[in-house]
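[1] The amino acid sequence is not available; the structure is as follows:
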């Protein structure tokens, strides 16, 4: 080995010895530590809500279904083709990995808590798993296609916890949001109110929707869908079973009196009851900006007034219901649902 | 020159010794989630009554990776878990351990290593429910409809035991070989490999017995049950499972059904039906003899005798809970 080659070897060795300094770490903790911390953080977050969480779970939303108010809908195009709504729960997570749950399915499930086990784990995401049976598993079926595992995605603009499942690759195919409860009575009353509000909406014989700004009406439904006749029973069952409602407007009348409209347009969405009224997901979408999600119950009506709210984190403005953001800027856009009397 | 060689040597030693103090974390990241739940009274009962005596781990908590995508299975209600496991033990495992049947030595090492419990059913894409989960490995078994199980209900107990005996038979068949080729040849043309052709005939079934019991549609095609159509292995396990959950009279009636041709006003069609019934009966009895002989020679069990014992135990179990 000649002298020059020896020098190169020595130089290479020096490089080798200096290559692995602590500064090369991208993260200051090992992957296992970070995994452990993310599990502990989510569990701590869930447990440190003494009154629990209000959970809205829509396992199968479709933002493209009945979301174009200009699109013609034929008589046979909507029966059997409704989308799916969701449910409202309250959940109290305890440190011993048990969760106490109430659900808005029935009066009984809203008042009787059920306790089961949960696990916070991690695969690709930090994951909340409902490992033993509870109310939420009633949505795990071939219609609603619910899941026992929720993947934690982070917080939304309002600070609520947002989850998704591994069932869908596409965005906005499900809606899982945990909102922290602020008072002890909310644990029991929220889900009961959600049940009452949903039941009230479902009891409406002829619910109609109007979207307007002041006196200018953008959309108003007028078709009596819930006609209680033998030939319509399948549709009536479908509305309640799937928790989906379609508001239809007569685009072209039928010349035969009393016959269904020849051409219709409409707006539809899955729904769930909330403590304040009713929520639609993926919303009653008049256009890409004007979308109504949360309605407040006011007497016999459900109303939603959109206000503009600026989010300093994302530096964007969004339209939300006034009853959720009373500080929002006035837009004048309103929607209301009422029970139109039938002949 | 010598100096440089010394430096190189020293450096090499340093490089080789550099990773000496590296240690792995004592906590597994994978176990982190599992460790959160402390063992309950039910867990202890399962360990004492199922896991230790039979070597079967019972999984009743939800494990995502145990289910395939596109299925909608969920964990069972806790109040029924022990009841179902007691039934599996009494009417399934213990029946094999009796002196008159397999004795103490047949099961050890040949049982499934894991048993999954699910609250509801698991219909496949064609809407057909199976007795096992084809996605699981050969050494795993599962029980569906735990939430609906009622030990006083004949039909629920029948479905549970059909599933348990089917899966136990499959596991034993795996460990104690039989002439697969010879058995497969008997009804070779009957096997569908898919549940799609079974969906229509099964859509009329309302009870568990109608869905999973001896079926004249299958009998007239040389098989015991509808699920026997799926594959020779399913057919083999179905023969054992259906035998252990049906009375000798029911089995005799199934054989009669196999040899009784349908009738038609056209004599040519009648002749064809007679020919088909002859073939179906031949296959039915040939497979019956094959399985009886295999069970006798390899498991050292008289299947007919075990059938009577099994049925008596099932009836006694249901009656005990009806009181």
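    Great, that's in hand. Just so we're clear, the structure is a prediction, and the values are computed from it rather than from any experiment. Numbers count the residues shown, from 1 in each chain, chains lettered A, B, ... in the order given.
[2] which element is the closest residue to chain A within the stretch 151-300 of chain B on?
    Residue nearest to chain A within the stretch 151-300 of chain B (Cβ to the nearest Cβ): residue B:199, separated by 14.1 Å. For the C-beta atoms, the positions are set from N, CA and C on the backbone; glycine is no exception. Here residue B:199 sits within helix B:196-202, counting by DSSP states H and E.
[3] Also residue A:150?
    Per DSSP H and E: strand A:149-155 holds residue A:150.
[4] which helix is the longest one in the chain?
    No chain was given, so I picked chain A. If you go by DSSP state H, chain A has its longest helix at helix A:184-203.
[5] Chain B was what I was after
    Longest helix in chain B, counting by DSSP H: helix B:267-294.
[6] In the helix or strand just after that one, which residues are buried?
    Using DSSP H and E, the helix or strand that follows helix B:267-294 in sequence is helix B:303-322. Of the residues in helix B:303-322, B:303, B:306, B:307, B:309, B:310, B:311, B:313, B:314, B:317, B:318 count as buried by neighbour count, 16 or more other Cβ atoms under 10 Å in any protein chain shown.
[7] Of all the residues in the stretch 101-250 of chain B, which one is nearest chain A?
    For the stretch 101-250 of chain B, Cβ to the nearest Cβ, closest residue to chain A: residue B:119, 5.6 Å.
[8] who's in contact with that residue?
    A:133, A:137, B:73, B:74, B:75, B:76, B:77, B:145, B:146, B:147 (Cβ atoms under 8 Å, 6 or more residues apart in numbering or on different chains).
[9] Where is pLDDT lowest across these?
    On pLDDT alone, residue B:73 ranks lowest of these, at 89.
[10] before we move on, the earlier item: next, format the contacts of residue B:119 as TSV and append neighbour count, secondary structure and distance to residue B:173.
    Below are the contacts of residue B:119 laid out as TSV (neighbours: other Cβ atoms under 10 Å in any protein chain shown; DSSP: H, G, I helix; E, B strand; the rest coil; distance: Cβ to Cβ, whole Å):
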residue	neighbour count	secondary structure	distance to residue B:173
A:133	29	coil	33
A:137	24	helix	34
B:73	22	coil	25
B:74	25	coil	30
B:75	29	coil	29
B:76	27	coil	27
B:77	19	coil	32
B:145	21	coil	24
B:146	24	coil	25
B:147	20	coil	30
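[11] What parts of the stretch 101-250 of chain A come near chain B?
    Within the stretch 101-250 of chain A, the residues that sit near chain B (Cβ under 8 Å from any Cβ of the partner chain) are A:116-117, A:119-122, A:127, A:129-133, A:137, A:140-142, A:145-146, A:148-149.
[12] how does it look with 6 Å?
    With the criterion set to Cβ under 6 Å from any Cβ of the partner chain, the stretch 101-250 of chain A comes near chain B through A:117, A:119, A:121, A:131, A:132, A:133, A:137, A:140, A:141, A:142, A:148, A:149.
[13] export the contacts of residue B:119 to a markdown table and tack on distance to residue B:138?
    Shown next, in a markdown table, are the contacts of residue B:119 (distance: Cβ to Cβ, whole Å):
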| residue | distance to residue B:138 |
| --- | --- |
| A:133 | 28 |
| A:137 | 28 |
| B:73 | 19 |
| B:74 | 24 |
| B:75 | 23 |
| B:76 | 23 |
| B:77 | 29 |
| B:145 | 23 |
| B:146 | 22 |
| B:147 | 27 |
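[14] between these, which is nearest residue B:285?
    residue B:145 (33.0 Å; Cβ to Cβ).
[15] So for residue A:174, what's the nearest residue that isn't a sequence neighbour?
    Spatial nearest neighbour of residue A:174, excluding adjacent residues (Cβ to Cβ, 6 or more residues apart in numbering or on different chains): residue A:59 at 5.4 Å.
[16] For the one you found, give me its contacts.
    A:139, A:144, A:145, A:146, A:174 (Cβ atoms under 6 Å, 6 or more residues apart in numbering or on different chains).
[17] ditto for residue A:307
    With Cβ under 6 Å, 6+ apart, residue A:307 has these contacts: A:322, A:325, A:328, A:329.
[18] When you filter the residues you listed down to buried only, what's left?
    The neighbour-count criterion (16+ other Cβ under 10 Å) marks A:322, A:325, A:328 among the contacts of residue A:307 as buried.
[19] And those residues, which is closest to residue A:37?
    Out of these, the member with the shortest distance to residue A:37 (by Cβ to Cβ) is residue A:325, at 32.8 Å.
[20] The closest residue to that closest one other than its chain neighbours bridge partners, please.
    Residue nearest to residue A:325 in three dimensions, not counting chain neighbours: residue A:309, with 5.0 Å by Cβ to Cβ, 6+ apart. Beta bridges link residue A:309 to residue A:318 when assigned by DSSP bridges.
[21] tell me which helix or strand of the chain sits lowest on mean pLDDT?
    Reading this off chain A. Least confident helix or strand, chain A: helix A:3-19 with a mean of 72, by mean pLDDT, DSSP states H and E.
[22] Can you look at chain B instead?
    Lowest mean confidence among the helices and strands of chain B (mean pLDDT, DSSP H and E): helix B:31-34, at a mean of 56.
[23] Against residue A:265, how distant is residue A:77?
    11 Å (Cβ to Cβ, to the nearest Å).
[24] Just want to know which of these two has more residues nearby.
    residue A:265 (21 against 13; other Cβ atoms under 10 Å in any protein chain shown).
[25] List the buried residues for the least confident helix or strand of chain A?
    A:6, A:9, A:13.
[26] Stretch A:190-201 too?
    Neighbour count says stretch A:190-201 has A:190, A:191, A:192, A:193, A:194, A:195, A:196, A:197, A:198, A:200, A:201 buried, by 16+ other Cβ under 10 Å.
[27] Look up phi and psi at the closest residue to chain B within chain A.
    Of all residues in chain A, the one sitting closest to chain B is residue A:121 (2.9 Å; Cβ to the nearest Cβ). Dihedral angles of residue A:121 (phi, psi; degrees, to the nearest 10) stand at phi -130, psi -170.
[28] count of neighbours near it?
    The number of residues near residue A:121, taken as other Cβ under 10 Å, comes to 23.
[29] how near is the nearest residue to residue B:98 once chain neighbours are set aside to chain A?
    Nearest non-adjacent residue to residue B:98, counting by Cβ to Cβ, 6+ apart: residue B:309, 6.6 Å away. As defined by Cβ to the nearest Cβ, to the nearest Å, residue B:309 lies at a distance of 34 Å from chain A.
[30] State the distance from residue B:309 to residue B:110.
    Look at residue B:309 and residue B:110: by Cβ to Cβ, they are 19 Å apart.
[31] Flag the shaky bits of the stretch 151-300 of chain B, pLDDT-wise.
    By pLDDT under 70, the stretch 151-300 of chain B has no low-scoring segment.
[32] Any idea what the residue nearest in space to the middle of chain A is bridged to?
    Chain A has residue A:175 as the residue nearest its centroid, 3.1 Å off, counting by Cα atoms, centre = their mean. Beta-bridge partners for residue A:175, by DSSP bridges, are residue A:58.
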